[in-house]
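In: Requesting a structural model of the entry that follows:
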Amino acid sequence: MGREQWKKIWVGSAGNMVEWFDWFVYASFAVYFADSFFPKGNDTANLMNTMGIFAVGFFMRPVGGWLLGRVGDRKGRKAALTLTVTLMSASAVLIAVAPTYAVAGYGGVAVLLVARMLQGLSVGGEYAASATYLTEASAPGRRGFASSFQYVSMTAGQLLGLGLQIVLQRTLSEDALHNWAWRIPFIIGALGAGIVFYLRRNMLETEVYAQDDDAHNDPARGTIKALWAHRREAFLVIALTMGGTVAYYTYTTYLTKYLSGSAGMDKPTASMVSFCALFVFMCVQPLAGKLSDRIGRRPLLITFAVGSTFLTVPIMTLLQHAGSFWPALGLSLLALLVVTGYTSINACVKAELFPTGIRALGVALPYAIANALFGGTAEYVALWFKKGGLESGYYWYVAGCAAVSLIVYITMRETKTIDLNRVRRQEDAPTNIPGQATTIPSGGTSRR
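Out: Residues are numbered from 1 along each chain as shown. Next up is the predicted model:
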């Protein structure tokens, strides 16, 4: 892969890393600031309240998916990517300065809620904009490899958050973390977003979008009406996302809290398990993406769904009794390797389903809806089962979601061979394109 291709991947994914750093540090540092915004009392109840606000961010993602997806289809991928990082920077600043319950009562909760709403708007558009950009800008036959860097950057953002958490845990007291140090990652996130804003202002538009005169001349592009014409693909995105997003958030954002709250590990050890497992997970994403360029997307998706359906309950049960670092790390790695079958390629699969003029919105809105219903509520559902004394019920819930997606993966068409330059109008949609190989033109970027 040439230097220019790597530059596209870097520009397309660097902002994604900062976006997801800001998104995930809320979840990873929630154990420290949960008591700051609510009256002292039940720790589990306060954590549930804080994660409830976390879930609100997910419910704003469909709105962000609609607004920013529309921007991406009408104004370009670059415009959408620049706007998303601006919103994320503003939300990070708000959380960093939010007053505690002792200072402003529930006023701090209101600030926290507004910030999470802004984050939801931002991430709702970020996923689709970066997925579309990486897919459209990739070289021939490398869409799976290039788009896998979306989850490389997402995981890198989370690793930076976890790494910062580990450093703070080892250098500051527990009281300092609870009182003020939890604000540090949000300050860093705001500064990082400012840097990425500059990078994205100078990025190039994709050639697939810039050269699509049909999309530019269509007044309906980026609208709900245009998306409704591709409702079959939209519902397919929701269904294929369902199992993947629940499994992903279970083994990433929820894992640290599960190990410390249910498996009895101390917080630093639980954080280190998550950090090491996520690092390996990040490294294998491009390998799986490259494999999909050779054998297709469906084999990897099916492998994920089968593994998640049948292994979730035993893995989560064994994790609860792991007891120490190495057994917990081994089980976490096994779970994340299974999830890789989904994460490494889901971005390009969804982008490959839609024509150019509706691609950003087509990925953004259905994906955001699926995440609001399943990904954003995963931790809350897990804590609800735990509070009800039936924690194992959550394991079956995750397995059930994966089973539903398995049915979709088995019945859906292969998307690896679709020519993005030909998929521009409704009559060119993937559902009407035969499964045999087609010529895939070079991807690229344009200054248009």
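
In: Report the rounded mean pLDDT for stretch 54-71.
Out: Averaged across stretch 54-71, pLDDT comes to 87.

In: packing partners for the longest helix along the chain?
Out: Looking across the chain with DSSP state H, the single longest helix is helix 43-74. In terms of contacts (3 or more C-beta pairs under 8 Å, 6 or more residues apart in numbering; DSSP states H and E), helix 43-74 is packed against helix 3-28, helix 30-33, helix 77-97, helix 107-136, helix 359-370, helix 378-387. Yep, even glycine has a C-beta here, placed from its N, CA and C like the rest.

In: ok, Phe197 - how many residues close by?
Out: For Phe197, the count of nearby residues is 18 (other C-beta atoms under 10 Å).

In: Now it: which helix or strand?
Out: helix 184-201 (DSSP states H and E).

In: How far off centre is that helix?
Out: Going by C-alpha atoms, centre = their mean, to the nearest Å, the spacing between the C-alpha centre of helix 184-201 and its chain's C-alpha centre is 18 Å.

In: Tell me the buried residues in it?
Out: 184-186, 188-190, 192-193, 196-197, 199-200 (16 or more other C-beta atoms under 10 Å).

In: And the average pLDDT for the helix or strand just after it is what?
Out: Sequence-wise, the next helix or strand downstream of helix 184-201 (DSSP H and E) is strand 205-206. Confidence over strand 205-206 (mean pLDDT, whole number) is 85.

In: Tell me which other helices or strands the following helix or strand past strand 205-206 touches.
Out: Moving toward the C-terminus from strand 205-206, the next helix or strand (DSSP H and E) is helix 207-210. Under the contact criterion of 3+ C-beta pairs under 8 Å, 6+ apart, helix 207-210 touches helix 107-136, strand 445-446.

In: residues in contact with the helix or strand that the first one is followed by?
Out: Of the helices and strands lying after helix 107-136 in sequence (DSSP H and E), the nearest is helix 143-147. When contacts are taken as C-beta atoms under 8 Å, 6 or more residues apart in numbering, the neighbours of helix 143-147 outside the stretch itself are 1, 5, 8-9, 131, 134-135, 137-139, 286, 289-293, 297, 344-345, 347-348, 351-352, 416, 440, 443.

In: Same check on stretch 37-53?
Out: For stretch 37-53, the surrounding residues in contact (C-beta under 8 Å, 6+ apart) are 27, 30-31, 33-35, 98, 100-101, 108-109, 112-113, 116, 257, 261, 379-380, 383-384, 386-387.

In: quick revisit: adding distance to Tyr251, write the helices and strands packed on helix 207-210 out as JSON lines.
Out: Output for the helices and strands packed on helix 207-210, formatted as JSON lines (distance: least, C-beta to C-beta, whole Å):
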{"stretch": "helix 107-136", "distance to Tyr251": "18"}
{"stretch": "strand 445-446", "distance to Tyr251": "34"}
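
In: So for the helix holding Phe197, mean pLDDT?
Out: 89.

In: any idea how far the residue nearest to Val338 when sequence neighbours are not counted lies from Ala335?
Out: The shortest distance from Val338 to any non-neighbouring residue, by C-beta to C-beta, 6 or more residues apart in numbering, is to Gly307 (3.8 Å). Using C-beta to C-beta, to the nearest Å, Gly307 is found at 9 Å from Ala335.

In: Then Val280?
Out: 11 Å.

In: the more surrounded of these two?
Out: Using other C-beta under 10 Å, the more surrounded residue of Val280 and Ala335 is Ala335, with 24 against 15.

In: what about that one, distance to Ala347?
Out: Using C-beta to C-beta, we find Ala335 at a distance of 21 Å from Ala347.

In: Ok, Met60 next?
Out: When distance is defined by C-beta to C-beta, Met60 is 21 Å away from Ala347.

In: So these two - more neighbours on which side?
Out: Taking neighbours as other C-beta under 10 Å, Met60 and Ala347 compare with Ala347 leading, 29 against 21.

In: Check that one and give its pLDDT.
Out: We note a pLDDT of 94 for Ala347 in this prediction.

In: same question, Pro327
Out: 96.

In: Quick check: buried residues in stretch 228-235?
Out: For stretch 228-235, by 16+ other C-beta under 10 Å, it's 229-230, 233-234.

In: Could you do stretch 102-121 as well?
Out: Buried, per 16+ other C-beta under 10 Å, within stretch 102-121: 108-109, 111-113, 115-121.

In: Pass me the low-pLDDT residue ranges in the stretch 251-400 of the chain, would you?
Out: The model of the stretch 251-400 of the chain has no residue with pLDDT under 70.
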